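Chemist: here you go, sequence then predicted model.
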Amino acid sequence: MTRIERKRMLTGLAFISPWIIGFVGLTLYPIIMSLHYSFCDYDILSEPVFIGTLNYQDMLIDKVFWKSLSNTFIYAVFALPLGMAASLFFAVLLNCRIKGKSLFRVLFFLPSLVPMVATAMIWLWMFNGKFGLLNNMLEMIGINGPSWLNDELWTKPAMVLTSLWGIGNTIVIYLAALQDVPRELYESADIDGGNWWHKFRHITCPMISPVIYFNLVIGIIGSLQVFAQPYIMFGGATGGPNRSALFYTVYLYETAFSYNKMGYASAMAWVLFIIILLLTWMATKATRKHIHYGG
Amino acid sequence: MWLKKLKPYLNFPLLAAISGMAYVIIYSAIDHIKQNSSSELEGKTIIYYWEKWSGAEYNAMKSIVDDFNKSQDNIYVKMLSVSSIEQKLMLATAGGAPPDVAGVWSHTINTFARKGALTPLDGLMKRNGIKASDYIPVFIELCQLYGFTWALPTTPGTVGLHWNKKLFREAGLDPESPPQSIAELDKMAEMLTIVKIKRKGINTRIRYSQLTEEEKDTKDFSIVQLGYSPSIPGWYNEMWGFWFGAKLWNGKDKICANSLQNIEALQWYGSFAQKYGIRNLQEFGASCGNFASPSDPFLSEKVAMVQQGVWMYNFINKFSPAMEWGAAAFPSADPARLSNVCIAETDVLVIPRGSKHIPQAFEFIKYTQKRKVLEKLNLAQRKFPPLADISDDFYQKHPNKYIKVFVKLSESKNAKSVPAIPIWNEYKNEFIVAYDQAFTGITTPATALENISHRVQLQLDRVIKRWELVKERRFKEWRKIDDQN
Amino acid sequence: MKKSNFISQIVIYFLLIGGAMLFSAPLIWMFSTAVKPIEQTMSLPPSWLPYQYLLQKDGQEIPVKIEGKLVSAAFQVHLAGMKSFVIIPADKVKNGVIKLENGNTVIPADIKLIPASKDNMFIIAASENNDKKYIVPAHDINRVIHFRWENFSAAVESMTHFPLYLRNTLLLCFITVVGTVSSSALAAYGFSRIEWKGRDKVFLLALCTMMIPFPVLMVPLYCLFKALGMIGTLQPLWIGSFCAGAFNVFLLRQFFIGIPQALSDAARIDGCSEFKIFFDIILPISKPALMVVGLFQFMGTWNDFLGPLIYLTDQRDYTLALGLQFFQSQSGGTEWNYLMAASFLVVIPVLILFFFTQKSFIEGISTTGVKG
């Protein structure tokens, strides 16, 4: 290592030192302990007992585990792309020159502000089979809507729809990113006669691609760890009709704090970690070429 | 021109932050003035008491705590209302920072005591003259496990059938005589159910019992008023077996989920879906509001009978004061053999492991166990004291004229409760899923219960094996603590 | 204006208004619940406007609660020794004598016929504090829209330590926003603007910390804070914000990485230190991103429920989000109107904060021409 390289490294480490302190001081110990627990029979209140890989073996034959895993995947496969597309779409709209822009931005952000209990009550009513807003709207176009939350086929679509409601945060991130796209690029595209799609595809997307990548990774992590919405709406561990809305983290939480099997829950956590890591790695590989870095 | 330079930074968030700090300073000052009241605590041992209740029930308990603090020179109880108490208590006990007293449910003992997270109270009870025989047996038994007493009961509850007298009268039934057996309940429910059906193209409202066999088969109607369905409010799924004489486990090592009686109970539960049509019931359910809200189906008089606890009085009084109602034991499948079956549970006070002031904590618990105090507390919460001897004065003051029904139910030999099985939460969830599967017709009752038995038995074997390893050590520990106190 | 432009404007407005209506539903519902009496909350189908029944009597308007309807003739009967009256169906009374279910008969002190029928409905109503009852023809009662503003003050009052909770929350928000913005900006700079060996591997490690579900970290984290003597204080709630959380670092890194390297290089040639480049060049042009991080942290702390629940042991230390729990009774008798009134008060400051934050995202004010 040359002198310059060493100096750079020291400066870099100095800049990231808050993170290093937090990692070593606050994060590392819990992570190591949870890895340790995943090889133990541990009920939180008494001492953990080492049992080798038994927790991992149990997972293989635990039908509820597999059900929760497949539920989560089905949910993520729909919720993630839909959420990313919808938030980018509305962010671009909210960045246009329109009247009442500030008001619209606030309105789109509202569901992210309202406490979970209130939103959960609204969702329960929206999806109500008889008086629900959704079914009333469907009835107007002549469709007899399902009883969303009572029918195992429709619980996951309902959860995907509710997740779209929380795109306010992502819209805000995109809005911040859109401020960095130079006006001149659009102006020169106007001169060349490009239409809006052309501009979006060849200017907006590449310019904000680092942030799109960010939302993709966060979206993978977030949708596979979905917890609060289904937990509140389906009242905890049973996960709706025939466990059709029992998601991975809900099952994990219930295993840890209601069944007191912290060892098993830790093992589940580490399996999920591996899955998310693999998916993130694949997403990074697949998008690497398309991400445009300013440097 | 430093101001100009600063201008770009003077935006709203910054202003908000500054005004936020101003708030902080102002309120700190107010707080400082308020805090001077701490002198009254000087020289007293502070007992931290976490209570799961909030709202009216919390206030009732708070007034007991205030009474205690006034009567005391040495101890001061600091009461805190804690939501998600089991989780918080578990973390705090594991982390070594538990409160001195915690108000939890009787079934919490099951999880916590077994793992050595509670203090046995027998020694303390003996020295303070508190006997198990002071209590209604079912409630003190709920506090006991492995021959030790882990808690003392405060505000108990039992469940019974609540029925709407007006709807009974309208159906031509005697409003003063509730059903005496499950079969009678089913029959009455049919008479109390009103459906909307198209007859010769005309919408007609008619009682279910007056439908033709063909109309009953096609189920092409919608429910306007429902006599009874065990799916409303949808609780106690795991315990319907009690009304059929079932057990949930053999008390030692064997799960009995698939016993004949349990299968019978689940068949009965599923029969409502078959009779009234699952889609019809779901649609009716969707038209009802939450439990204990003004559109609760029983409170809005859309359901004629419901199984509810002693607490239902509070909600009737609040949301439907004009309703004519009665309460009695929920009928069993075989009234000759099984009478006064009910589920009994109680709120309890425990001393978690790691409390630094066990004698003082017990001093407070002892105070709450006086008859006068228990009666005051239970009068405020509209329940009844868990005591074998309740004063006439209490009954006279009690606003719920059916309170004696609930006391009598708790004294019955068929008063059942959550079984002391180590993996109860898991077992219960499996039951809820199985009931749902049988109700919607995904599986047959027998298969659903067979699946539970298999799955839960595996877990139970594992837990028991673990328990055998630590059993002796735990017993020794507990005896030692008990002798010390 | 070109025609196609005009059409696209219409489409945009249509989409935005439709979306906005759907997205603002929770807040409107919250507000409408907050100004309702408890009987009207949670009704199905829900009513958006709170209402009140007014009884016209002797030229006065008395607010009442509806207790029942009469659609057939009945007697209003006063029994000796009873405070209010009872309603007896007409066929149960013969010659002023009431026949009871059990066969006994009662002679009432006072009896009055109410000529109700299907077309002439009578309403049984009670005054709001339940001390008076009325039976009146249906047309004497009017339904009017009525907002119960007093719910707000009642909600604040029943959250006994509201000012204290507000103070604690604001204090925590202030500390955590300062901590997060400063520490994550520093760390993100180190992860993006300086080339050093192993940087991307360390960054991957940072990302990994986000991928482990939090529930399994709770117990050891609690023990750690206990060992540090922080349980029962506000410290566990803010100390982490000074340690650059992975989410914020990642977000800022993605913004910093898009800024042309040439800017830094030029400054380096001029002899600027890294910190000066960070503070004078990178931070000012990343203002929107920093605002986002600050806003998210503010909201996170403002709404955090789990942290305060676990770590706080004295009611005087509670935050607003935790204080809201007092309205949710374990017995199921949640006081929805008060809960929503208090929640509404808690949401409003964040709403205002957001309104002003998003103003900084006005098309390209600060950064035009930086990229490219």
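Modeler: Thanks, I have it.
Chemist: buried stuff in the helix or strand where residue C:219 lies?
Modeler: Here residue C:219 sits within helix C:215-227, counting by DSSP states H and E. Buried positions in helix C:215-227, judged by neighbour count with 16 or more other CB atoms under 10 Å in any protein chain shown: C:215-226. Just so you know, the C-beta spots here come from the backbone N, C-alpha and C atoms, and that holds for glycine as well.
Chemist: tell me which parts of chain A are close to chain B?
Modeler: Contact residues, chain A versus chain B (CB under 8 Å from any CB of the partner chain): A:41, A:43-46, A:49, A:63, A:128-132, A:147, A:150, A:237-238, A:241-243, A:254, A:257-260.
Chemist: wait, what's in contact with the residue in the stretch 1-150 of chain A that chain C sits nearest to?
Modeler: Distances between the stretch 1-150 of chain A and chain C by CB to the nearest CB are smallest at residue A:22, namely 2.2 Å. The contact partners of residue A:22, taken as CB atoms under 8 Å, 6 or more residues apart in numbering or on different chains, are C:183, C:240, C:242-245.
Chemist: ok, 7 Å please
Modeler: By CB atoms under 7 Å, 6 or more residues apart in numbering or on different chains, the residues touching residue A:22 are C:240, C:243-244.
Chemist: circling back: helices and strands around the helix holding residue C:219, which ones?
Modeler: Applying 3 or more CB pairs under 7 Å, 6 or more residues apart in numbering or on different chains; DSSP states H and E, one finds that helix C:215-227 contacts helix A:28-37, helix A:248-257, helix A:262-287, helix B:85-95.
Chemist: so does the second one get close to chain C?
Modeler: Yes. Judged by CB under 7 Å from any CB of the partner chain, helix A:248-257 comes into contact with chain C at A:249, A:252-253, A:256-257.
Chemist: pull that helix out as PDB, backbone CA atoms only.
Modeler: The C-alpha trace of helix A:248-257 is given here as PDB (Å, rounded to 0.1, in the frame of the first residue of the first chain):
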ATOM      1  CA  TYR A 248     -42.400 -14.800   7.400                       C
ATOM      2  CA  THR A 249     -41.600 -12.100   9.900                       C
ATOM      3  CA  VAL A 250     -45.000 -12.400  11.500                       C
ATOM      4  CA  TYR A 251     -44.400 -16.100  12.100                       C
ATOM      5  CA  LEU A 252     -40.900 -15.400  13.300                       C
ATOM      6  CA  TYR A 253     -42.100 -12.800  15.700                       C
ATOM      7  CA  GLU A 254     -44.900 -15.000  17.100                       C
ATOM      8  CA  THR A 255     -42.400 -17.900  17.400                       C
ATOM      9  CA  ALA A 256     -40.000 -15.700  19.400                       C
ATOM     10  CA  PHE A 257     -42.400 -13.900  21.700                       C
END
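Chemist: and the angle for that helix with helix B:85-95?
Modeler: Angle of helix A:248-257 versus helix B:85-95, following axes from the mean of the first three to the mean of the last three CA atoms, to 10 degrees, is 60 degrees.
Chemist: averaged pLDDT, helix A:248-257. What do you get?
Modeler: Model confidence over helix A:248-257, given as mean pLDDT, is 94.
Chemist: count the residues that sit near the closest residue in space to residue C:149 that isn't next to it in sequence.
Modeler: Closest residue in space to residue C:149, ignoring its immediate chain neighbours: residue C:35 at 6.6 Å, by CB to CB, 6 or more residues apart in numbering or on different chains. Counted with other CB atoms under 10 Å in any protein chain shown, residues neighbouring residue C:35 total 20.
Chemist: go on, residue C:275?
Modeler: By the measure other CB under 10 Å, the count of residues near residue C:275 is 13.
Chemist: which residues sit against the one helix or strand residue C:154 maps to?
Modeler: Here residue C:154, judged by DSSP H and E, is contained in helix C:150-158. Helix C:150-158 is contacted from outside by C:34-35, C:162, C:337-338, C:341-342, C:345, using CB under 7 Å, 6+ apart.
Chemist: out of those residues, list just those in helices.
Modeler: C:34, C:162, C:337-338, C:341-342, C:345 (DSSP state H).
Chemist: could these be laid out in a markdown table, adding pLDDT, neighbour count and distance to chain B?
Modeler: Shown next, in a markdown table, are these (pLDDT from 0 to 100; neighbours: other CB atoms under 10 Å in any protein chain shown; distance: CB to the nearest CB, whole Å):
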| residue | pLDDT | neighbour count | distance to chain B |
| --- | --- | --- | --- |
| C:34 | 90 | 26 | 16 |
| C:162 | 84 | 16 | 10 |
| C:337 | 86 | 26 | 11 |
| C:338 | 88 | 25 | 10 |
| C:341 | 91 | 28 | 15 |
| C:342 | 89 | 27 | 13 |
| C:345 | 88 | 18 | 14 |
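Chemist: adding distance to chain A, write these out as CSV.
Modeler: Putting the ones in helices among the contacts of helix C:150-158 into CSV (distance: CB to the nearest CB, whole Å) gives the following:
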residue, distance to chain A
C:34, 10
C:162, 16
C:337, 12
C:338, 13
C:341, 11
C:342, 10
C:345, 11
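Chemist: in a markdown table: those residues, plus distance to residue B:234.
Modeler: Below are these laid out as a markdown table (distance: CB to CB, whole Å):
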| residue | distance to residue B:234 |
| --- | --- |
| C:34 | 29 |
| C:162 | 36 |
| C:337 | 25 |
| C:338 | 26 |
| C:341 | 29 |
| C:342 | 29 |
| C:345 | 34 |
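Chemist: wait, does stretch A:173-180 contact chain C?
Modeler: Yes. Residues of stretch A:173-180 contacting chain C under CB under 7 Å from any CB: A:173, A:175-176, A:179-180.
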